[in-house]
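In: Fold the following and give me the result.
(4 chains)
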There are 2 protein chains.
Amino acid sequence: MAEARDRRELILSTAAEMVARKGLRATTVRAIADAVGVFSGSLYHHFPSKDAIVEEVLARYLDAIRARYAVVLASGKDPAACLHELVVTSLEIAEEQPHATAIYQNESQYLRELPGFRGIQVAAADIQQTWLQVIDTGVADGSFRHDIPSWVFYRLIRDAVWLSIRWHRPDGPYSTQQLADDVTSLFLRGFAMPPATARAAVPTAASKA
Amino acid sequence: MAEARDRRELILSTAAEMVARKGLRATTVRAIADAVGVFSGSLYHHFPSKDAIVEEVLARYLDAIRARYAVVLASGKDPAACLHELVVTSLEIAEEQPHATAIYQNESQYLRELPGFRGIQVAAADIQQTWLQVIDTGVADGSFRHDIPSWVFYRLIRDAVWLSIRWHRPDGPYSTQQLADDVTSLFLRGFAMPPATARAAVPTAASKA
DNA sequence: GTCTATACATCGATAGAC
DNA sequence: GTCTATCGATGTATAGAC
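Out: Have a look, this model is predicted:
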């Protein structure tokens, strides 16, 4: 029985790795089966379809994000500190689950046509709400700027953070910790409410309406 | 003859639109031919393969970026102004060629296996160099921070700018001009060398080494 | 330059022996 | 729970008539 679970897990992890590397449509059930060490027909004893494998990978992934975001939100820290924690947490998850992260980023078109897309959408909305809640709190208490829409700031920092898996190597000389610090430093300083004093040296570029 | 050119252009634009919307592998030559209004075999009179169609779309796209980036660089403005111009130009191109932009962002895995990938890579390196040159100039003259690696800053602003096509609607109430201004304002203030004075209110998050 | 017809490969998924 | 064998659909690309 433990062996059966392991086989199932092996299929999930193998499929995740291959789909992340080659793309969803480019990864065939035969290739997954070969990599696992079984014949393609055997996969259908564990899963009803190829799509079901991917759905389970993503469902677990999004649930993991939700659970860890909830911990950050419950810490009760101020918005700036919370934002830093969200960045750190996100980069940690991206490092722990690089394949699921890549799939979620790359296959949004395919995912939309999946039968279980509803569930994915619900989890994604929950994750987005966590960011927006933190940002809006900061805007409301005056620590964040209000001249840039909070949802715009969210999308900019979200893409900058999550898409870093396309270029950042966690085991390289530029550590994940360093990346998290730099991202936070850059975005927080850029989004912080200026101390009402000088705003010199930087062109605000407030051109036409 | 003009009709022949038009047919060719129609195939290119139709394919670009469909591939951007549904994905490269999900878009069949039959579907492209149907949308154009011919039979699938007829496409092969104009192009040797499906891949060749996509390659031509991307080659033109990258060349357009290179040409317009060169104009920005030749303006001789200071780094901050150049950076703003690069953001504006990029968002304009994304608005003018949304399909090619989406394809280039989404199908990097598939592109790597294309016979003409070498040419794509060369153009991409050239584009990256333009950004890095501007950023490094600003770091060298003291207007930009030097505690965040310039290549890290490049990747963060690049992803934030180009990936905006996934959520930004140019014909909506939040204009492209506004987005360009906000992106520039956020990133330039975050990356600007602080006036040596106060850096208060914002936690620098400089944790462990 | 377009159409008809089809070759040839490969896909996801199934059925039944073991 | 895995393997053997294969079905039916669908993919890219080609050949030759018009």
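
In: Output the below-cut-off pLDDT ranges for chain A.
Out: Applying pLDDT under 70 to chain A picks out residues A:1-4, A:196-209.

In: and it, what are its domains?
Out: As assigned by automatic domain parsing, chain A contains the domains A:1-47, A:50-191.

In: Comparing these, which comes out most buried?
Out: The highest average neighbour count among the domains of chain A, using mean count of other C-beta atoms under 10 Å in any protein chain shown, belongs to domain A:50-191 at a mean of 18. Heads up, the C-betas are built off the backbone N, CA and C, glycines and all.

In: quick one: terminal-to-terminal distance for that domain?
Out: Start and end residues of domain A:50-191 are separated by 43 Å (C-alpha to C-alpha, to the nearest Å).

In: between the domains of chain A, which one is nearest to DNA strand D?
Out: domain A:1-47 (2.9 Å; C-beta to the nearest atom of the strand).

In: can you tell if the closest one touches DNA strand D?
Out: Yes: interface with DNA strand D: domain A:1-47 contributes A:1, A:4, A:7, A:38-42, A:45-46 (C-beta under 7 Å from any atom of the strand).

In: Assign a three-state SS to A:P48, would you?
Out: A:P48 falls in the coil class when you classify it by DSSP: H, G, I helix; E, B strand; the rest coil.

In: All the helices of chain A, in order from the start?
Out: Ranges of helices within chain A are A:2-22, A:29-36, A:40-46, A:50-74, A:79-96, A:98-106, A:108-112, A:117-140, A:150-162, A:176-191, based on DSSP state H.

In: Is it possible to get those helices out as a markdown table so that each row also shows distance to DNA strand C?
Out: As requested, the helices of chain A are exported to a markdown table (distance: least, C-beta to the nearest atom of the strand, whole Å):
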| stretch | distance to DNA strand C |
| --- | --- |
| helix A:2-22 | 10 |
| helix A:29-36 | 4 |
| helix A:40-46 | 3 |
| helix A:50-74 | 4 |
| helix A:79-96 | 26 |
| helix A:98-106 | 15 |
| helix A:108-112 | 11 |
| helix A:117-140 | 15 |
| helix A:150-162 | 26 |
| helix A:176-191 | 33 |
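
In: Could you export these as a markdown table, including distance to B:G119?
Out: Shown next, in a markdown table, are the helices of chain A (distance: least, C-beta to C-beta, whole Å):
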| stretch | distance to B:G119 |
| --- | --- |
| helix A:2-22 | 22 |
| helix A:29-36 | 29 |
| helix A:40-46 | 37 |
| helix A:50-74 | 33 |
| helix A:79-96 | 31 |
| helix A:98-106 | 23 |
| helix A:108-112 | 26 |
| helix A:117-140 | 36 |
| helix A:150-162 | 27 |
| helix A:176-191 | 31 |
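
In: got the contact list for the residue of chain A found nearest chain B?
Out: Going by C-beta to the nearest C-beta, chain B is nearest to A:G190 of chain A, at 2.8 Å. Shown in contact with A:G190 (C-beta atoms under 8 Å, 6 or more residues apart in numbering or on different chains): B:185-191.

In: mind checking how far the residue nearest to the spatial centre of chain A is from A:T101?
Out: Nearest to the mean C-alpha position of chain A, counting by C-alpha atoms, centre = their mean, stands A:W162 at 5.1 Å. Distance of A:W162 to A:T101, given as C-beta to C-beta, to the nearest Å: 7 Å.

In: shared neighbours, the two?
Out: Here A:W162 and A:T101 have A:A94 as joint contacts, going by C-beta under 8 Å, 6+ apart.

In: Not counting its neighbours along the chain, what's nearest the residue of chain A closest to chain B?
Out: Leaving aside its chain neighbours, A:G190 sits nearest to B:G190 (2.8 Å; criterion: C-beta to C-beta, 6 or more residues apart in numbering or on different chains).

In: show me the contacts for the residue nearest to A:W131 when sequence neighbours are not counted.
Out: Nearest in space to A:W131, with sequence neighbours left out and distances taken as C-beta to C-beta, 6+ apart, is A:Y154 at 5.0 Å. Counting by C-beta under 8 Å, 6+ apart, A:Y154 touches A:128, A:131-132, A:135.

In: Thanks a lot, catch you later.
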